[in-house]
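Asker: pasted the sequence and its predicted model underneath.
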Amino acid sequence: MSIYFEPVINTSIDHLLSLIPFLVVLCLVIKFPVITQVASDITKTKRTTLVGVFVAICLLAISAEISQYHEKVKVRNIIKNKEFKKVQGCISNYETRKPKAGTLIESFSIEGVEFYFSNHDAGPYFHGGLHNDNFFKNGRCVSIDYILDGNKNKILKINRLATA
């Protein structure tokens with residue numbers, strides 16, 4: 001058995017260091033109105049509107065970063081506490097679809113458990129952006145650790161099984 005995919009999950013607090021530039025600029029914008037006044041003069045937009053839009057963008061970025069961190073902690077705890085399911089068998093019903101340019105959706109099943117993912121998925125789970133080979137094919141025997149999230153099975157780990 002060899003590992004094909006296993007997430008690297010960094011849940012140290014330094015993940016949130018990327019928020020510092022947003023917070024610094026946000027403080028500068030609020031503390032020094034001359035900065036936003038220059039931008040207001042250039043764009044011919046009210047200063048309060050510019051500040052409001054900038055604050056909204058910063059808050060969105062901050063909440064997205066915190067949400068990603070929370071997701072990583074959640075996955076780390078699932079793995080640590082072994083709160084996942086495992087299926088072992090050979091891939092069947094492997095299909096790829098390209099619903100639009102630049103999008104690839106892959107799906108397959110193992111012992112009746114269905115998986116699907118696309119190259120636009122993200123996060124600590126396995127997704128199409130993490131491989132560009134032909135690993136998935138009918139008859140390939142694997143062991144998959146996964147969780148059911150909503151109505152979708154999300155892959156935590158993939159092991160390639162030795163075939164006899």
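Answerer: Yep, that arrived. Residues are numbered from 1 along each chain as shown.

Asker: phi and psi next, for the residue of the chain positioned farthest from its centre.
Answerer: In the chain, counting by CA atoms, centre = their mean, Asp41 sits farthest out from the average C-alpha position, at 39.0 Å. Per-residue torsions, Asp41: phi -60, psi -40 (degrees, to the nearest 10).

Asker: what of Phe22?
Answerer: Dihedral angles (degrees, to the nearest 10) for Phe22: phi -60, psi -40.

Asker: can you pull out the strands in the chain?
Answerer: Taking DSSP state E, the strands of the chain run over residues 2-5, 85-90, 92-97, 105-110, 113-118, 141-149, 152-160.

Asker: so what's the residue nearest to the spatial centre of the chain closest to, chain neighbours aside?
Answerer: Central residue of the chain (CA atoms, centre = their mean): Gly123, 1.7 Å from the mean position. Of all residues not flanking Gly123 in the chain, Glu71 sits nearest, at 5.9 Å (CB to CB, 6 or more residues apart in numbering). Where C-beta positions appear, they are placed from N, C-alpha and C, glycine not excepted.

Asker: for Ser118, grab the count of nearby residues.
Answerer: The number of residues packed near Ser118 is 16, by other CB atoms under 10 Å.

Asker: no no, Glu6
Answerer: By other CB under 10 Å, 13 other residues sit near Glu6.

Asker: who's in contact with it?
Answerer: 156-158 (CB atoms under 8 Å, 6 or more residues apart in numbering).

Asker: before we move on, back to that, for Asp149, see how far away the residue nearest to the centre of the chain is.
Answerer: Distance of Gly123 to Asp149, computed by CB to CB, to the nearest Å: 10 Å.

Asker: ok, now Asn77?
Answerer: Distance of Asn77 to Asp149, given as CB to CB: 14 Å.

Asker: what does the pLDDT read for the residue lying closest to Ser109 once chain neighbours are set aside?
Answerer: Residue nearest to Ser109 in three dimensions, not counting chain neighbours: Asn93, with 4.9 Å by CB to CB, 6+ apart. pLDDT, Asn93: 97.
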